[in-house]
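1. got a sequence here, can you build the structure:
(one chain, ligands or ions: 2)
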Amino acid sequence: MSNSRTASFDCPICSVGIAEAGVCGGCVTDLGRILRHLAVRLPDLRLLAAKKASVMAREAGHGTRTVAPIPLNANAWQLQQSIEKFAVMLAAALGLPHRRLPAESLLKGAAQRADILMQRKDARYIHRLASTAARRLDRQLEPPESRILIGQCPDCGDDIWSSEADLTAGYQPCACGQTLDLTAVQEQRVLKLAISNARGTAAALSKVFKGCGIAINRLTITQWKRRGIIAAVGIRMDGLSFCCGMCGGRISASATGRPACQTA
Ligand SMILES: [Zn+2]
Ligand SMILES: [Zn+2]
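-> Numbers count the residues shown, from 1 in each chain. Ligands and ions are numbered 1, 2, ... in the order given. Below is the predicted model of the structure:
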């Protein structure tokens, strides 16, 4: 707050001094640029996310077979979902029609009205969501070398790309200033995958976990199934979020590959 008589304000996004309260012109232009960037790169992300593998989940004893696609690149798929949701949210905030329109069109439409978006009370939040989405999208398309995406920062939502050394250390700083417990990040990731309702064989699920930096071999998953730790109706990802049904507790798939029951 300024005590001087000539009104002076800070831009809530970049903190630059401006004459009138609100978001500065530079940040308005910046938001438009970011939204157009998302619109341009979204089709590439769709291609990456659309890769699916049909895996067989066979029930021992019953002889029934289920074939269900499991996204090979769950990270890309989830980012695509969240950008599409963001595009609809922006269109709705602007009162634009958004039904049956591709997210690319919504993002372009929103970019043209960046000034209106930046007059909203939640301007800072919108700007941050857009910047984070663009950063995640760029790294998804050009992944950093020798690092894998293990999950998202619970504070800022940014993707966490870990090196072998980070995983061994068990913690890693995020750009937002948080120091992250990587096991907790991985657990969150597994639960998010569980919500996506993917199904697959022990081998396929093991591959999905490996993609999050969690080494659980297919044998362990088969054992979980045998011991009733994961749902008996095929090997369902969402089965991982519940313990055998006796205690209703959550299973945490830790880096050690041993499921731990987390009942309070
Ligand atoms: Zn600014
Ligand atoms: Zn963060």
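2. how close does the closest residue in space to Leu137 that isn't next to it in sequence sit to Leu180?
-> Nearest non-adjacent residue to Leu137, counting by Cβ to Cβ, 6 or more residues apart in numbering: Arg41, 5.4 Å away. Every residue, glycine included, has its C-beta placed from N, CA and C. Distance of Arg41 to Leu180, given as Cβ to Cβ, to the nearest Å: 26 Å.
3. more neighbours, those two?
-> Leu180 (22 against 17; other Cβ atoms under 10 Å).
4. isn't Cys153 right up against Gln178?
-> Yes - Cys153 is within contact range of Gln178, at 6.0 Å (criterion: Cβ atoms under 8 Å).
5. and the two? which has more neighbours close in?
-> Cys153 (20 against 15).
6. for the more buried one, give its distance to Arg36.
-> To Arg36, Cys153 is 26 Å away according to Cβ to Cβ.
7. residue numbers of this protein in contact with ligand 1?
-> Proximity of the chain to ligand 1 (Cβ under 5 Å from the ion) is limited to residues 11, 13-14, 24, 27.
8. dihedrals phi and psi, Gly22?
-> The phi and psi values for Gly22, taken as degrees, to the nearest 10, are phi 130, psi -170.
9. okay, now the residue lying closest to it once chain neighbours are set aside: neighbour count?
-> Sequence neighbours aside, Gln119 is the residue nearest to Gly22 in space, at 6.7 Å (criterion: Cβ to Cβ, 6+ apart). Residues near Gln119, counting by other Cβ under 10 Å, number 12.
10. and the helix or strand that contains Ala134, does that touch ligand 2?
-> Under the criterion of DSSP states H and E, Ala134 resides in helix 123-141. No - on the criterion Cβ under 5 Å from the ion, helix 123-141 is out of touch with ligand 2, staying 9.0 Å away.
11. buried ones in that helix?
-> By 16 or more other Cβ atoms under 10 Å, the buried positions in helix 123-141 come out as 123, 126-127, 129-134, 136-137, 139-140.
12. and for stretch 82-98?
-> Of all the residues in stretch 82-98, those buried under the rule 16+ other Cβ under 10 Å are 82-84, 86-88, 90-91, 94, 96, 98.
13. let me know the closest of those residues to ligand 2.
-> Using Cβ to the ion, Ser82 is the member of these that lies nearest ligand 2, at 15.4 Å.
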